[in-house]
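Student: Can you look at this prediction? I've put the sequence above it.
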Amino acid sequence: MSQYPIPQASSLPVVSHAELDANPHEALRRWRAAAPAIERDDGVCIVLRADGVEDLLFDPRTQQLDGATYAAIRGVPQGALHDLLSTSMLLSNAPRHKPRRAPMSRMMSARAIDALRPLIRSLAESLIDEFENDGQVELVSRFAAPLPPLVISHVLGAPAKDAPEFSRWVYQVSPAFSAASPAQDIPRMIEGAENLTRYAEALLDGEPSAAQAGAGLSGLVESLSAGELSPAEAKAQLATVILGGSDTTRTAIASVVALTLAHGCPWSLFASDSQLSASAVSEALRYDPPVGSVPRFSLADIVLDGFTIPAGRMVSLSTLSALRDPHRFNDPDRFDIHRADQPRWPVAFGGGVHRCLGEALARAELEECLMALSRRFPTMRLIGPPPKLRGYAGIRGVDELHLAW
Ligand code: HEM
């Protein structure tokens, strides 16, 4: 039940992409107070309030945006990008979503990820070794970007030497999953999808360049042999996990470091206090989530606080807005690592059947990174203002983060 006053109006206010993009938190704060949802100038309905976002993640009147339909809307009728969008678990619904997700979820259990912590720690430490004597670093390129692909290669049993190359393709293709990404970038996304799915195919076939492919992929290979997945589906799930595990976590690593330093948190304590590090990670993911929204499609008219989202529309559930809703969080614009109202299942990782498959891995990476950086650089400080995360929808980017010690 919403705590906002219910007005008489029924059609959604129309807001331009430019207004939202110029200053996302400010624009969303203003519109969230006025209406539960807005209509962007391209017709996408954006849900703003926490209760609306949380409910619609589970509401049968919405479903995941269908990948094939979405590819057609984006003007990608065939080819590698089309195949990736239309068979990825991320843009699938019943009955195909479950068999596409199941083989990958086995390797992402909390227990499996806990066992990975020593490896994550040592990968973080070895990246730090490369710049520890420099006195300063641009953290995104030297640490936040290279770490997640190294971790995901290990999880999948792929050779670590391939990580820099596939992460380049990931950055090319991941904007394709956001409806707000510019159409002129589609050729770049296609190139990234071609390379990434070719790489996924080589891993599945166990070709020499990817010869160590093993444990992490066994579930996928079994589903393929059992005929539960087609070869195109198996490739797409592998590419999806590589995609899901790379630039989301890059943005998040940079963000948690920048936010804790900028807000005067007890930086040197993170080294030995795993609980404090975990709380800082949760608060960074709330305060500025690396995934700003998740897409859905409305199957029926949906009335929120007196406003109607019509049936048959692309819907964007704004995690960015929901996580700053004053009706859900006390003083939501304050960064507070000791906050007591942190939800058990934050929408930063989505919700329902599509809830992030890699949440445990992402949290382990973020916590281990924060602890390793604090341990090695107890006097670390920001050079200049903290970077702003780019965008308000889908996966958000970060440019540079300059630090010194
Ligand atoms: C801080 C880092 C991360 C954030 C904020 C994040 C966020 C999300 C969100 C919001 C969704 C739901 C999308 C939707 O409902 O449409 C999602 C799905 C997904 N994520 Fe993550 N993610 C992160 C890290 C990871 C990692 C490390 C992996 C894999 C190794 C991963 C793999 C996936 C996959 C495969 C899905 C699709 C699940 C499905 O459709 O069933 N994510 N993620």
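Tutor: Arrived safely. No experiment lies behind these values; they were computed from the predicted model shown.
Student: C-alpha only now, for contacts and for neighbours.
Tutor: Noted.
Student: how about the strands in the stretch 251-400 of the chain?
Tutor: For the stretch 251-400 of the chain, the strands defined by DSSP state E, counting those that start in this stretch occupy 294-298, 302-304, 307-309, 314-317, 381-382.
Student: so what does the longest one touch, helix or strand wise?
Tutor: Looking back up the chat, that one is strand 294-298. strand 62-63, strand 314-317 (3 or more C-alpha pairs under 8 Å, 6 or more residues apart in numbering; DSSP states H and E).
Student: What lies in contact with the helix or strand following the first one?
Tutor: On the C-terminal side of strand 62-63, the closest following helix or strand by DSSP states H and E is helix 67-73. Residues outside helix 67-73 that contact it (C-alpha atoms under 8 Å, 6 or more residues apart in numbering) are 77, 82, 85-88, 91-92.
Student: Would you mind listing the buried residues in stretch 169-183?
Tutor: By 16 or more other C-alpha atoms under 10 Å, the buried positions in stretch 169-183 come out as 169-181.
Student: List only those of the contacts of helix 67-73 flagged as buried.
Tutor: Using 16+ other C-alpha under 10 Å as the burial test, the contacts of helix 67-73 include 82, 85-88, 91-92 as buried.
Student: Arrange the strands of the stretch 251-400 of the chain in CSV, one row each, with mean neighbour count, mean pLDDT and distance to the ligand as further columns.
Tutor: As requested, the strands of the stretch 251-400 of the chain are arranged in CSV below (neighbours: other C-alpha atoms under 10 Å; pLDDT from 0 to 100; distance: least, C-alpha to the nearest ligand atom, whole Å):
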stretch, mean neighbour count, mean pLDDT, distance to the ligand
strand 294-298, 23, 94, 4
strand 302-304, 17, 95, 19
strand 307-309, 21, 95, 18
strand 314-317, 27, 94, 9
strand 381-382, 18, 97, 21
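Student: Which one, of the ones you listed, ends up nearest to A360?
Tutor: A360 lies closest to strand 294-298 among those, at 18.9 Å (C-alpha to C-alpha).
Student: ok, back up a step: with the buried ones among the contacts of helix 67-73 in mind, which one is nearest to C369?
Tutor: Of all these, S88 has the smallest distance to C369: 29.1 Å, by C-alpha to C-alpha.
Student: Would you confirm that P387 contacts D399?
Tutor: Yes - if you go by C-alpha atoms under 8 Å, P387 and D399 touch, sitting 7.1 Å apart.
Student: Let's see which of the buried ones among the contacts of helix 67-73 end up in helices.
Tutor: Of the buried ones among the contacts of helix 67-73, the ones assigned to helices by DSSP state H are 82, 85-87.
Student: mind putting the buried residues of stretch 169-183 in a markdown table, secondary structure included?
Tutor: Output for those, formatted as a markdown table (DSSP: H, G, I helix; E, B strand; the rest coil):
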| residue | secondary structure |
| --- | --- |
| W169 | helix |
| V170 | helix |
| Y171 | helix |
| Q172 | helix |
| V173 | helix |
| S174 | helix |
| P175 | helix |
| A176 | helix |
| F177 | helix |
| S178 | coil |
| A179 | coil |
| A180 | coil |
| S181 | coil |
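Student: Now distance to the ligand and pLDDT too, for the residues you listed, in TSV please.
Tutor: TSV is the format used below for these (distance: C-alpha to the nearest ligand atom, whole Å; pLDDT from 0 to 100):
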residue	distance to the ligand	pLDDT
W169	16	93
V170	13	90
Y171	14	87
Q172	17	92
V173	15	93
S174	12	88
P175	14	88
A176	13	91
F177	9	86
S178	10	81
A179	12	77
A180	14	74
S181	16	82
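Student: hmm, back to that, closest to A232 among the contacts of helix 67-73?
Tutor: Distance to A232, by C-alpha to C-alpha, is smallest for T87 among the contacts of helix 67-73, at 7.5 Å.
Student: Quickly note the distance from that closest one to V76.
Tutor: T87 is 14 Å from V76, where distance means C-alpha to C-alpha, to the nearest Å.
Student: So for L139, which of the helices and strands packed on strand 294-298 sits nearest?
Tutor: Short answer: strand 314-317, nearest of these by C-alpha to C-alpha, at 30.4 Å.
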